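Asker: this one's sequence-less:
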């Protein structure tokens, strides 16, 4: 204990009377020179948090949109005063989009115009932020910003067959849109944090409000000759939102097929639209009977001979509000 007190007294004496202090070196070249490794706190979070005095490196590994809020420029505790020079290093290691926000009316200088209240950090992105010492306006400076992508491009492509029979076929023939399923293994790309694929529900979940371009295609074939007085079958391929009722369709296209073509071949239908979506919206690719004769045995989605994909479903974020 006496040795420790002597060391602390010596360190205090050195700090008080010498302009430069060295750790593990007798010849410091700066105000503080550390000849060895350094360590700061490493923390992770899956939810929104307000950063504090004990935080330094923060990794966000959540799957839903969350916010890291920076502290006020002048804090009351644990020690009152200005936090000028405080540094936060933040990495998005999750699959959700992370918002970095200043407190109250304070702003972040992102060096591209006037200060902003917040900025987005997509999965894989990294930012280092430092307190400027000012107490109003732009109190934080974004000193380093590396973002994996600035917009979302997500797509699914599948090769297996989907068949609607029984109750599903009855609903299909009653013009109730039937969900076209995909699996998580069908994922081709999902860069950016604005949408995520819900495998259990077979839908894209919108994580950030904005304008999106949605595209889909699917093949159609009828098991057995479609029944009715017509000589053709009209099948609708739809993009539906927040459910599978006809009223939820936000984009659609009809493919009209002669009966013999519907029965012996698989023909593709394409659909696309540009729409504004809100965070929390669910977007499905669906199919249903629309006109003419109806499939009797089943309605099938399968790729024709010499082709591979039976269906595809993609999202692209064009802008944010």
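Answerer: Structure's in. What do you need? Keep in mind that this is a model prediction, so the values were computed, not measured. Numbering: from 1, shown residues only.
Asker: Would you agree residue 68 is in contact with residue 99?
Answerer: Yes: with contact defined as Cβ atoms under 8 Å, residue 68 and residue 99 form a contacting pair (7.4 Å). C-beta coordinates here come from the backbone N, C-alpha and C atoms, glycine included.
Asker: counting residues per strand, which one in this protein is longest?
Answerer: Within the chain, and with DSSP state E defining each element, the longest strand by residue count is strand 210-223.
Asker: Mind listing what's buried along that one?
Answerer: For strand 210-223, a neighbour-count test (16 or more other Cβ atoms under 10 Å) marks 210, 212, 214, 215, 216, 217, 218, 219, 220, 221, 222, 223 as buried.
Asker: again with stretch 185-205
Answerer: Neighbour-count burial for stretch 185-205 [16+ other Cβ under 10 Å]: 186, 190-197, 202-205.
Asker: same thing with stretch 137-152?
Answerer: Here stretch 137-152 shows 138, 139, 140, 141, 142, 145, 147, 152 as buried, counting by 16+ other Cβ under 10 Å.
Asker: Now do the helices in the stretch 151-300 of the chain.
Answerer: Secondary structure of the stretch 151-300 of the chain (DSSP state H, counting those that start in this stretch): helices located at 166-173, 259-264.
Asker: relative orientation of the first one and strand 210-223 in degrees?
Answerer: Counting by axes from the mean of the first three to the mean of the last three Cα atoms, to 10 degrees, helix 166-173 lies at 110 degrees to strand 210-223.
Asker: Give the rounded mean pLDDT of helix 166-173.
Answerer: Averaged over helix 166-173, pLDDT sits at 97.
Asker: who's in contact with it?
Answerer: 164, 178, 287, 288, 289, 294, 295, 298, 299 (Cβ atoms under 8 Å, 6 or more residues apart in numbering).
Asker: More neighbours: residue 68 and residue 99, which one.
Answerer: residue 68 (23 against 17; other Cβ atoms under 10 Å).
Asker: does the more buried one count as helix, strand or coil?
Answerer: What DSSP: H, G, I helix; E, B strand; the rest coil gives for residue 68 is strand.
Asker: Show the end-to-end separation of stretch 237-253, please.
Answerer: Stretch 237-253 has an end-to-end distance of 5 Å (Cα to Cα, to the nearest Å).
Asker: List the buried residues in that stretch.
Answerer: In stretch 237-253, counting by 16+ other Cβ under 10 Å, buried: 237, 238, 239, 240, 241, 244, 248, 249, 250, 251, 252, 253.
Asker: what's the closest of these to residue 30?
Answerer: residue 241 (58.7 Å; Cβ to Cβ).
Asker: residue contacts, that closest one?
Answerer: Shown in contact with residue 241 (Cβ under 8 Å, 6+ apart): 248, 250, 275, 277, 281, 282, 283, 284.
Asker: Please pick the buried ones from those.
Answerer: If we count by 16+ other Cβ under 10 Å, the contacts of residue 241 have these buried: 248, 250, 277, 281, 282, 283, 284.
Asker: Restricted to strands, list these.
Answerer: Filtering the buried ones among the contacts of residue 241 for strands - DSSP E - leaves 250, 277, 282, 283, 284.
Asker: just those now: which is nearest residue 261?
Answerer: For those, the nearest to residue 261 is residue 284 (26.6 Å; Cβ to Cβ).
Asker: Thought residue 181 was touching that closest one, still the case?
Answerer: No: between residue 284 and residue 181 there is no contact under Cβ under 8 Å: 9.8 Å.
Asker: Overlap in contacts, those two.
Answerer: Joint contacts of residue 284 and residue 181 (Cβ under 8 Å, 6+ apart) are residue 202.
Asker: Could you double-check that residue 136 sits in contact with residue 104?
Answerer: No: Residue 136 is not in contact with residue 104 according to Cβ under 8 Å; the separation is 9.5 Å.
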